[in-house]
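Peer 1: quick one, structure for this:
(one chain, ligands or ions: 1)
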Amino acid sequence: MSKEIVYVKLGGSFITLKNKPFTLNIDALDKAVAIIKNTWKKVSLLLGNGGGSFAHPVVQKYKNACPEELLVRCHSATRKLNYIIVDKLLENNILATTIQTSAIIMKQNNEYKVFLDPVKILVEKGIIPVLYGECIINSKNTYTVLSTENVFRILSKYIKPSRIVLLTDVDGVYDKNPKKHRDAKIINVINRKNLEDVLEILSLSKDLDETGSMYGKIKSAAELSEELGIPVYIVSGINTGEAIKAILGKPLSRGTIIDMR
Ligand code: ADP
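Peer 2: Residues are numbered from 1 along each chain as shown. A predicted model of the protein is given here:
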């Protein structure tokens, strides 16, 4: 029987120090190695990493430059982070290799064009392809920023995962940003019954703490769960035990499962 395919995102908040430009979270990278070591032979993994503190400063710095310059600067920054991650995995004898997102996905006439055969074959061979959020080439506007979640969304049409796991630096989805509010409460399950309520709570907390990204993240994760009929787990990568459970599809002690089936 072929193994289950699991997409895992090493979030930028987990793998980099978000407020220190171009700074890796070394402890997190060690945790990522431990998580992958314990799972990659049991399921077929497809990894993606966020850009975190490598991508955002570059986009900020070059956003008013010509789009061609932004494109190549963005490529340079995201490539560096991805290479560090992949080399670290390989040093630990985990068979992982870079797949440059912008070399296999582009946007033409407002549609994504994809060349997925290399990824498919790597997954079949038990090698972990490591893609990443990147500026992809757009025939009209030069570039389009494609988040890791959107990379997963595009890939999942062709290579169907059994589940998707997003690793971040907090235990899951909370009713408000847990880094700013000590009384924030974790939301264990998001499903058809409570999605609207959760989105409403998150849209309120958006005004509270200005981070704002969680609302969009949960909305698109819920859409993905519904489209594919699979659960999307949001757990901490720092808590390696929970991350391993999520990847193997075991019940969680702490984390969020978005399940719109
Ligand atoms: P990543 O880059 O790892 O994908 P983000 O930085 O976009 O992740 O999201 C994770 C961050 O979102 C956490 O570090 C946390 O501080 C912040 N955050 C804001 N609101 C919430 C919330 N309601 N629940 C969980 N995390 C939240």
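Peer 1: what kind of secondary structure is the spatially closest residue to residue 203 that is not a sequence neighbour in?
Peer 2: Nearest in space to residue 203, with sequence neighbours left out and distances taken as CB to CB, 6 or more residues apart in numbering, is residue 215 at 5.3 Å. C-beta: built from backbone N, CA, C; applies to glycine. Assigned with DSSP: H, G, I helix; E, B strand; the rest coil, residue 215 falls in the helix class.
Peer 1: go ahead and confirm residue 215 touches residue 204.
Peer 2: No: contact between residue 215 and residue 204 fails when scored by CB atoms under 8 Å: they sit 9.5 Å apart.
Peer 1: now residue 102: closest residue in space, sequence neighbours ignored.
Peer 2: Closest residue in space to residue 102, ignoring its immediate chain neighbours: residue 136 at 4.5 Å, by CB to CB, 6+ apart.
Peer 1: leaving out sequence neighbours, find the closest residue to the residue in the chain that the ligand sits nearest to.
Peer 2: Nearest to the ligand in the chain, going by CB to the nearest ligand atom, is residue 11, at a distance of 2.1 Å. Nearest non-adjacent residue to residue 11, counting by CB to CB, 6+ apart: residue 168, 4.4 Å away.
Peer 1: how far away from the center of its chain is the helix or strand of the chain with the lowest mean pLDDT?
Peer 2: Least confident element among the helices and strands of the chain, by mean pLDDT, DSSP states H and E: helix 195-209 (a mean of 82). Remark: helix 195-209 is offset 21 Å from the chain centroid, using CA atoms, centre = their mean, to the nearest Å.
Peer 1: what residue spans form the domains of the chain?
Peer 2: 1-161, 170-231+245-261 (automatic domain parsing).
Peer 1: quick one: these as TSV, columns for distance to residue 238 and mean neighbour count too.
Peer 2: Output for the domains of the chain, formatted as TSV (distance: least, CB to CB, whole Å; neighbours: other CB atoms under 10 Å):
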stretch	distance to residue 238	mean neighbour count
domain 1-161	6	18
domain 170-231+245-261	9	17
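Peer 1: right, I'll call it a day here.
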